[in-house]
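K.L.:
Output the structure for:
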Amino acid sequence: MSQNFRVIDGVSVTSTDVRCPGCGATIGVKFNPATATLECPFCGLSSKLPAPEDGAVVEELDFNSALQRASVNWGRLKKLIECSNCGGQSLYDADKITGACPFCGSTSVAPAAEYEQIMAPNAVIPFSISKEKAQQIFVDYLKRSQCVYKKAYDCKLENLTGIYLPFWTYDAYTVTTYIASSSSKSPEGVHFYKGVWNQYIDDIIVDASKKFRSPYMPQLQKYNFEEAVPYSPEYLAGIPAERYTVGLNEGWGKAVSKIDKELRKAIESKNEEIFRISRMTTKFYNVKFRCLLAPMYFATYTFGKKTYQVVINGQTGKTLFPVPRYLTKMILLAAIGGILVLAIYFGLMYLLPDSPIFWIYRILN
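P.N.:
Below you'll find the predicted structure:
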């Protein structure tokens, strides 16, 4: 299989590698989602990492300070690579280059692109679904689907790759002044009045990737963000992470749009007199953010001459993907259903001549 990646640049972030605490090995040390441990292939030591249920607190960073700070401390040497087919950019361990794109499975070689500084994450949702479990989730989904060829149950996931996707989360104190029309009308017409609304906004989530990899992605990116733990490079041992393509400022712009909708809904729902807000202005104070990574599996499978993409949430195990269905059986089932409905209709009409169905039929005819 030809290599589909070209190294764009090596990001020398620190001299510290992920090391086995037992023998000190760095090569082959990987994070195991099934046990939440860092495993060494040389001495066999499994080191337990902090889990979400341990209650570790994720530090939130000040937004204004971050604009003047370029943090790239990922905890070990990373390389930025790009797929020329879908344009996906990922950060890999410097000594690991995969043979297939984690997003589309392509083997096409990408042209080199200019490197930009990449802010390091300060929070991560660890993988809790193993690759073996992902395969079982894939098979179970096929078996739950309707009108699927039985031979499809024998399909295996190909190019199964776990990857961390980037997100921004924002917190802020808000003070909103607004002008609204009243729901109660007076002889003078519609009444307008001014108001002030104070609300703390917690964890507005923004997808930090511009890659549209699957129509099911919005439904699958429903993570339990409260289970995030402070970032540690051990969670990324052997697992790539997508670089964010929505920057901190652009992400904040998207967050403001979401906050505006949330505030508008809150103001209108808490005040029965308000019919519609015609104008509102919000000021933000003490804005905090997190650069967060969340787990997702990408894979493909082939049935006949067609290849399908599979996406599985690496935390919840939820999946949605297209399946090969045979049209003949679907048409047959629809026809049988229609015949049964007609049979019941005419059966009731002739067996129960005094029934309402009979008289409705007589009237209509």
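K.L.:
can you give me the helices for the stretch 101-250 of the chain?
P.N.:
131-144, 217-220, 248-270 (DSSP state H, counting those that start in this stretch).
K.L.:
which outside residues touch the second one?
P.N.:
Just to be clear, that refers to helix 217-220. If you take Cβ atoms under 8 Å, 6 or more residues apart in numbering as the criterion, helix 217-220 is touched by 214, 296, 311-313, 318-320. All C-beta atoms are positioned from the backbone trio N, CA, C, and that covers glycine.
K.L.:
sorry, back to before: mind checking the helices of the stretch 101-250 of the chain for the one nearest to L38?
P.N.:
helix 131-144 (16.6 Å; Cβ to Cβ).
K.L.:
What helices and strands are in contact with the closest one?
P.N.:
With contacts taken as 3 or more Cβ pairs under 8 Å, 6 or more residues apart in numbering; DSSP states H and E, helix 131-144 sits against strand 158-186, strand 274-303, strand 306-313, strand 319-320.
K.L.:
Can you lay out the ones you listed as a markdown table showing mean neighbour count?
P.N.:
Listed next are the helices and strands packed on helix 131-144 as a markdown table, based on neighbours: other Cβ atoms under 10 Å:
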| stretch | mean neighbour count |
| --- | --- |
| strand 158-186 | 18 |
| strand 274-303 | 18 |
| strand 306-313 | 19 |
| strand 319-320 | 18 |
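K.L.:
Mind telling me which of the ones you listed the model trusts least?
P.N.:
Looking at those, the lowest mean pLDDT belongs to strand 158-186 (a mean of 85).
K.L.:
residues near the residue nearest to F303 when sequence neighbours are not counted, how many?
P.N.:
In space, F303 comes closest to P324 once its chain neighbours are excluded; the distance is 4.6 Å by Cβ to Cβ, 6 or more residues apart in numbering. Neighbour count for P324, taken as other Cβ atoms under 10 Å: 18.
K.L.:
Quick check: phi and psi at P324.
P.N.:
Note on P324: backbone dihedrals following degrees, to the nearest 10 are phi -80, psi 110.
K.L.:
Now distance to I344 too, for the helices and strands packed on helix 131-144, in TSV please.
P.N.:
Output for the helices and strands packed on helix 131-144, formatted as TSV (distance: least, Cβ to Cβ, whole Å):
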stretch	distance to I344
strand 158-186	47
strand 274-303	37
strand 306-313	38
strand 319-320	35
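K.L.:
what's the closest of these to W252?
P.N.:
strand 158-186 (6.5 Å).
K.L.:
Which other helices and strands does the closest one contact?
P.N.:
Against strand 158-186 (3+ Cβ pairs under 8 Å, 6+ apart) you get helix 131-144, strand 189-207, strand 241-242, helix 248-270, strand 274-303.
K.L.:
Quick one: the ones you listed as CSV, columns for distance to A228 too.
P.N.:
Below are the helices and strands packed on strand 158-186 laid out as CSV (distance: least, Cβ to Cβ, whole Å):
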stretch, distance to A228
helix 131-144, 21
strand 189-207, 10
strand 241-242, 14
helix 248-270, 16
strand 274-303, 6
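K.L.:
which stretch among these comes nearest N159?
P.N.:
Comparing the helices and strands packed on strand 158-186 by Cβ to Cβ, strand 274-303 comes nearest, at 5.6 Å.
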